[in-house]
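>>> Okay, predicted coordinates and the sequence, questions at the end:
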Amino acid sequence: MFSSLRFRITVWYTVFFSLLFAAFAIFLYQVLAREALRRLDETLRSESATAPRLFLEELDEAKGDAAEAARVVIAEDRLAAGDLAIFQDRALVASSAPLSAEERNTLLATSSGVVALPRLGRYGARAAASAIERNGRRYLLVVAAPLDTMAADLAAVRTVLWLTLPPLIALAALGGWWVATRNVAPLGWMAAQASAISCSNLEQRLEIGRAARELTVLAAAFNELLARIDQSFDAMRRFVADASHEMRTPVAVVRGEAEVALSRDRTPAEYQASLGLILDESRRLSKLVDDLLQLARADAGHVRLRDDEFYLNDLVAECCRSLQSLAAARQIDVQCQAATDAPFHGDQELLRRLVVNLLDNAIRYSEPGGRVEAAVYGAGADLRIVIADDGPGIPPDAAPHVFDRFYRADKARERERGGSGLGLAIVKWIAESHDGAVTFATHPGEGTTFTVSLPRLTAG
């Protein structure tokens with residue numbers, strides 16, 4: 001439960017709301033306390049300013065202890081803030097709360113200001129003073145109010161806040177749980193749909209309706225992943241089916257030829273012819289297996305390029321010489337234009353295979369008496385290997401699939417030529433593994449030109 005996303009969202013929501021409410025309660029309490037104290041001080045200042053006039057009026061009318069009589073009348077009938085204390089010649093005439101000399105001096109110094117009197121009342125008091133003089137006597141009129149009433153009001157506010165906090169936190173937790181449940185629900189739908197997807201129904205996609213934008217983005221990313229997986233499975237299925245189909249023919253030829261040869265006694269020449277056919281098909285099957293293994297390792301990322309230092313023009317010239325016999329058998333003229341030194345860093349064996357595959361394709365597709373040209377050019381920071389033939393060219397409908405594995409425009413004629421449909425796929429992989437690219441230009445009836453562009457100093 002503690003690892004549940006819904007639980008964590010609820011906890012964080014509750015903690016955040018609790019801190020927010022606590023901060024608000026503290027702020028509200030402080031505002032109320034300051035406002036109550038400000039109003040009390042204003043009342044004290046107002047009454048302190050009014051008290052001298054009232055005192056003088058009552059002093060003129062009073063008899064006997066005039067100051068005390070005036071104080072009683074003013075305190076009981078005229079003042080609302082609190083007690084009135086009158087000091088005459090710094091001596092207390094009458095007061096409900098005796099003041100020390102220090103406090104009297106403080107009140108005299110404040111004039112009409114408001115000061116705190118900690119000794120008065122349980123929670124202290126606030127006081128404002130006014131000094132007057134009549135008939136040669138000096139009087140200090142002090143209007144004081146205890147803070148007990150304000151403290152009681154603030155205590156009631158604190159009680160309300162403390163009593164309100166727990167139910168509000170509980171409501172916040174319930175609300176957080178509801179919000180988390182509602183927002184996490186699409187994840188449950190997504191998980192249920194994802195669990196129902198297997199290799200047999202990869203075409204299905206997640207549907208979450210009108211969910212939050214973040215979950216919609218997540219679902220879209222997952223659907224894109226499913227699409228890529230679906231494409232990979234389709235490619236794998238096609239690859240296995242095509243590989244099986246390609247292997248079936250040479251295996252069937254080998255088996256059939258062996259069965260025919262063993263069906264009855266034959267002459268040595270007949271056995272030799274059968275073994276020669278079996279050898280040719282075995283070589284073709286072996287090359288197909290090597291190509292499949294190379295592509296499988298490349299797809300798995302297990303091929304590590306070597307960093308050989310060599311001359312690319314020498315490598316192309318060697319490949320041309322190695323295929324002269326095949327070209328001569330088909331009456332094809334192979335010309336190599338690679339005299340200029342072209343130093344290069346890369347995997348020499350893989351690049352040799354690249355050039356051989358391109359030359360082999362050009363020779364096989366050229367008509368007897370045709371011509372194949374190989375050249376190496378330097379163009380800025382790149383080197384280019386160009387292989388051109390004057391064969392029939394590539395049909396327009398086949399051009400987009402030239403580098404697809406096992407693709408052949410004319411499968412029957414291609415099989416007669418000994419091709420497997422993997423050569424150009426390997427060429428493309430080798431070029432891209434060296435941070436290069438391979439392109440082609442073709443014109444039906446005029447031939448095809450393949451161009452391999454490689455960075456001049458590519459590290460393998």
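Structure received. Residues are numbered from 1 along each chain as shown.

>>> which stretches of the stretch 251-400 of the chain have low pLDDT?
Applying pLDDT under 70 to the stretch 251-400 of the chain picks out residues 299-302, 339, 379-380.

>>> could you measure residue 355 against residue 369, distance?
As judged by C-beta to C-beta, to the nearest Å, residue 355 and residue 369 stand 23 Å apart. Heads up, the C-betas are built off the backbone N, CA and C, glycines and all.

>>> more crowded one of these two?
Ranked by neighbour count (other C-beta atoms under 10 Å), residue 355 and residue 369 place residue 355 first, with 25 against 10.

>>> Looks to me like the more buried one is in a helix.
Yes - checked against DSSP: H, G, I helix; E, B strand; the rest coil, residue 355 lies within a helix.

>>> ok, so what distance separates it from residue 338?
Here residue 355 is placed at a distance of 10 Å from residue 338 (C-beta to C-beta).

>>> can you check residue 347 too?
19 Å.

>>> do the same with residue 196
Separation of residue 196 from residue 338 (C-beta to C-beta): 59 Å.

>>> And for residue 291?
Using C-beta to C-beta, we find residue 291 at a distance of 26 Å from residue 338.

>>> any chance you could map the strands in the protein?
For the chain, strands defined by DSSP state E occupy the ranges 83-88, 91-94, 114-117, 125-134, 137-146, 308-311, 333-337, 343-346, 371-379, 382-389, 437-443, 447-455.

>>> Mind checking the ones you listed for the one nearest to residue 240?
Smallest distance to residue 240 across these (C-beta to C-beta): 25.6 Å, for strand 437-443.

>>> Any buried residues in stretch 191-211, and which?
Using 16 or more other C-beta atoms under 10 Å as the test for burial, stretch 191-211 gives 193, 197, 202, 206, 208, 211.

>>> Among those residues, which lie within helices?
Counted as lying in helices by DSSP state H, out of the buried residues of stretch 191-211, are residue 193.

>>> How about the backbone phi and psi for residue 200?
Dihedral pair for residue 200: phi -90, psi -10, per degrees, to the nearest 10.

>>> measure it to residue 237 for me?
Distance, residue 200 to residue 237, using C-beta to C-beta: 12 Å.

>>> residues near residue 159, how many?
Residues within reach of residue 159, counting by other C-beta under 10 Å, total 10.

>>> Residue 267 now?
Residue 267, neighbours per other C-beta under 10 Å, totals 8.

>>> From residue 338, how far off is it?
Here residue 267 is placed at a distance of 49 Å from residue 338 (C-beta to C-beta).

>>> before we move on, the earlier item: how about CSV for the strands of the chain, with distance to residue 427 and mean neighbour count added?
Shown next, in CSV, are the strands of the chain (distance: least, C-beta to C-beta, whole Å; neighbours: other C-beta atoms under 10 Å):
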stretch, distance to residue 427, mean neighbour count
strand 83-88, 107, 21
strand 91-94, 114, 14
strand 114-117, 95, 18
strand 125-134, 96, 20
strand 137-146, 100, 22
strand 308-311, 19, 14
strand 333-337, 18, 16
strand 343-346, 14, 20
strand 371-379, 14, 18
strand 382-389, 10, 22
strand 437-443, 6, 15
strand 447-455, 7, 21
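
>>> Just grab the bridge partners of the residue nearest to residue 324 when sequence neighbours are not counted for me.
Distance criterion C-beta to C-beta, 6 or more residues apart in numbering; nearest residue to residue 324, sequence neighbours excluded, is residue 334 at 6.2 Å. Residue 334 has these beta-bridge partners by DSSP bridges: residue 372.

>>> in the chain, which spans are helices?
5-61, 66-73, 101-110, 148-195, 213-262, 268-300, 312-322, 324-329, 348-365, 411-417, 423-433.

>>> Fine by me, thanks again.
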